[in-house]
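Q: sequence first, then the predicted structure:
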Amino acid sequence: MPIICVYCDSQLTIERAQSSLYNGKSRHICHRHNIIKHLLSNRIIFIYYVKSKENITNPLIEGLMRELVYNSSRRMGLKLLKDERM
């Protein structure tokens, strides 16, 4: 089975996911941390760091600037409809 690549622009999140220690108090967060640890240790997922500027999903979670949406859409393989123009 191929490894699932997870791209993340937060180095702190990656460090916490790869850490064996969990210092939180909520059980549901602890459970999620344990699941991520299991997936990482069994090589089901791998977390890669990607700079925010290079993260093609940023327009989906942040403010939508036209040029950024256009460039990200192109990188995702999306194409403009015939009648649409920049």
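A: Yes, it's here.

Q: could you identify the helix or strand that succeeds the top helix by length along the chain?
A: Scanning the chain for the helix with the most residues, using DSSP state H, yields helix 27-41. Next helix or strand after helix 27-41 toward the C-terminus (DSSP states H and E): strand 45-49.

Q: what's the angle from the longest helix of the chain to strand 45-49?
A: Compare the direction of helix 27-41 with that of strand 45-49 by axes from the mean of the first three to the mean of the last three CA atoms, to 10 degrees and you get 90 degrees.

Q: poorly predicted segments of the protein, please.
A: Within the chain, the stretches with pLDDT under 70 are 22-28, 59-60, 62, 64, 82-86.

Q: domain assignment for it?
A: 1-51, 56-86 (automatic domain parsing).

Q: dump these to CSV, plus mean neighbour count.
A: Backbone N, C-alpha and C define where each C-beta goes, glycine included. Listed next are the domains of the chain as CSV, based on neighbours: other CB atoms under 10 Å:
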stretch, mean neighbour count
domain 1-51, 12
domain 56-86, 11
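
Q: re earlier: what sits up against the longest helix of the chain?
A: 16-18, 20, 22, 24, 44-47 (CB atoms under 8 Å, 6 or more residues apart in numbering).

Q: ditto for stretch 49-66
A: Contact with stretch 49-66 is made by 7-9, 11, 14, 68-69, 72, 75-76, 86, as judged by CB under 8 Å, 6+ apart.

Q: again, 10 Å this time
A: Stretch 49-66 has contacts (CB atoms under 10 Å, 6 or more residues apart in numbering) with 5-11, 13-15, 67-76, 86.
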